[in-house]
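Engineer: sharing a sequence plus its predicted fold:
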Amino acid sequence: MKAVVFDDEKTILNVIRKILKKENIEVYTFERGKNAVNLIKELKPDIVFLDINLKDANGIDILKEISRFEEKPFVVMISGYNDYKYLIEAMKLGAYDYIPKPFDIDKIKKIVKEIKETIKIPTNEINVSTEIVGKSPLMANVFKLVGRASTTDEPVLITGESGTGKEVIANLIHKFSPRSENPFIAINCAAIPGDLIESELFGFEKGAFTGAITSKKGKFELADKGTLFLDEISQLTYDAQGKLLRAIQEKEIIPIGSNKSIKIDVKIIAATNENLKALVEKGLFREDLFYRLSVFEINLPPLRERKEDIIELINLFTKQTLKKLGLKKGGFSEESIEILQNYDFPGNVRELKNLVSKLISIYRERIITPDLLPPEVRNEPAFDIYQMFRKEIQTKLLNNEKDIYYNIINGFEKILIEEALKVSKGNISKAANLLGIHRNTLHKKIKELNLK
């Protein structure tokens, strides 16, 4: 086997050279990438280790040229960047894997071992590696799948808990696909009544039903040459599921009230937080539609399973909120970030985004310290006035204080009446109404408690 390595750091070149030589691989190393494409054509390596940020060349541009080769080597991208855009672009262009710096030596050994095994398999049986690299392995795998899904026109099914960012991933697939210049149309199947979903998807002709005073294009027609995102697909009626399946298979639709079919060219991305297989078994979701939609499936992990991403997400949402509010500074203390990393976020990324936005909107440029975080995030019980009251009574009883009953009752009664009078601006009738007592009773209490 033969390998070439392009990296402008001598240390990286030496480390990879040693690893590969121990694997009995012939190695050629280069600090520059200007002639990389010609060198690869000349040397015909089995593996290429390619740095994205070479001093005199862009690794992604070199990868683009390699992707046009008739016989392509296995390309492993190396980069100090953790930006998902590079990862998606690399996988989209056919990279075998992507390793961030500083890299794990065992990881390289594992990749080389996999490539060796893969080379032994006949070309038509090659399995694309799903080796996970990066700070958050689970999301690194998701971004790889996004890169690959963006190259096909087959339907994609995105699954995962509510709030994991299914529409964000659908947008990314569209953005990195050849359809990116055309429309991305999203529809929430759960938000539209069952009797209207067909007209939303396929459109209708004037006079098709009462109220159809003009013709209207459906989402399929609006998304032509682009992408149609069907969120909460499990909420479609059984009848609508059948018509959706026909539209996907036949690549044509018939608007309601029309007898003419319209050819459509649409990439379908569906999403759900339900177990569609279980719904199929219960007879609530069509089996044929399920298999048609799940040709390419991406499962989004919940935030509690990828807590290493929380810091970057906090930074992202903080910057977005500060920009939106026109603020120059603000954010979370290290202690607060540590607490957030230990929280499970049942609402996933959506909950984290809303929390960051809410706290910065409230406290503006003030640093968010732990005491400003919600009690449930700090793993503390919410403030309970009755529990506090109970503890106060217990303390007084244990201290053998005198006249506990009258002191507590009179103390609370005084506070209640004072606050009611403040809110009502001294209006006795209004204060009595707020307290739910007769105005004569309130007059009497005011005198007894010596209130003005």
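Structural biologist: Perfect, I can see it now. Numbering: from 1, shown residues only.
Engineer: for the helix or strand harbouring residue 87, name the packing helices and strands.
Structural biologist: Of the helices and strands defined by DSSP states H and E, residue 87 is found in helix 84-92. Packing partners of helix 84-92 (3 or more CB pairs under 8 Å, 6 or more residues apart in numbering; DSSP states H and E): helix 59-66, strand 74-79, strand 97-100, helix 137-149. Heads up, the C-betas are built off the backbone N, CA and C, glycines and all.
Engineer: go through those and find the least confident stretch.
Structural biologist: For the helices and strands packed on helix 84-92, the weakest mean pLDDT is recorded on strand 97-100, namely a mean of 84.
Engineer: now the next helix or strand after that one - C-alpha only, CSV.
Structural biologist: Beyond strand 97-100 in the direction of the C-terminus, DSSP H and E gives the next helix or strand as helix 105-120. Once side chains and other backbone atoms are set aside, the C-alpha atoms of helix 105-120 remain, and they are given as CSV (Å, rounded to 0.1, in the frame of the first residue of the first chain):
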residue,chain,number,x,y,z
ILE,A,105,-2.9,8.4,17.1
ASP,A,106,-5.1,5.4,17.8
LYS,A,107,-7.8,7.0,15.7
ILE,A,108,-5.4,7.1,12.7
LYS,A,109,-4.4,3.5,13.2
LYS,A,110,-8.0,2.5,13.3
ILE,A,111,-8.8,4.4,10.1
VAL,A,112,-5.8,2.8,8.3
LYS,A,113,-6.9,-0.6,9.5
GLU,A,114,-10.4,0.0,8.2
ILE,A,115,-9.1,1.2,4.8
LYS,A,116,-6.9,-1.9,4.5
GLU,A,117,-9.9,-4.1,5.2
THR,A,118,-12.0,-2.1,2.7
ILE,A,119,-9.5,-2.4,-0.1
LYS,A,120,-9.8,-6.2,0.2
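Engineer: packing partners of helix 105-120?
Structural biologist: Other elements packing on helix 105-120 under the criterion 3+ CB pairs under 8 Å, 6+ apart are helix 10-22, strand 74-79, strand 97-100.
Engineer: most tightly packed of the ones you listed?
Structural biologist: Looking across the helices and strands packed on helix 105-120 with neighbours counted as mean count of other CB atoms under 10 Å, the highest average goes to strand 74-79: a mean of 24.
Engineer: quick one: it to helix 105-120, angle?
Structural biologist: Here strand 74-79 runs at 160 degrees with respect to helix 105-120, directions being taken by axes from the mean of the first three to the mean of the last three CA atoms, to 10 degrees.
Engineer: output strand 74-79 as CSV - backbone C-alpha positions only.
Structural biologist: Output for strand 74-79, consisting of C-alpha atoms alone and laid out as CSV, is shown next (Å, rounded to 0.1, in the frame of the first residue of the first chain):
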residue,chain,number,x,y,z
PHE,A,74,-9.2,7.1,0.2
VAL,A,75,-8.9,10.7,1.4
VAL,A,76,-8.6,11.5,5.1
MET,A,77,-9.0,15.2,5.8
ILE,A,78,-7.0,16.8,8.6
SER,A,79,-7.8,20.2,10.1
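Engineer: who's in contact with that strand?
Structural biologist: Judged by CB atoms under 8 Å, 6 or more residues apart in numbering, the contacts made with strand 74-79 from elsewhere in the structure are 7, 12, 46-53, 59, 63, 66, 86, 90, 94-101, 103, 108, 111, 115, 118.
Engineer: I am finished for the moment; much appreciated.
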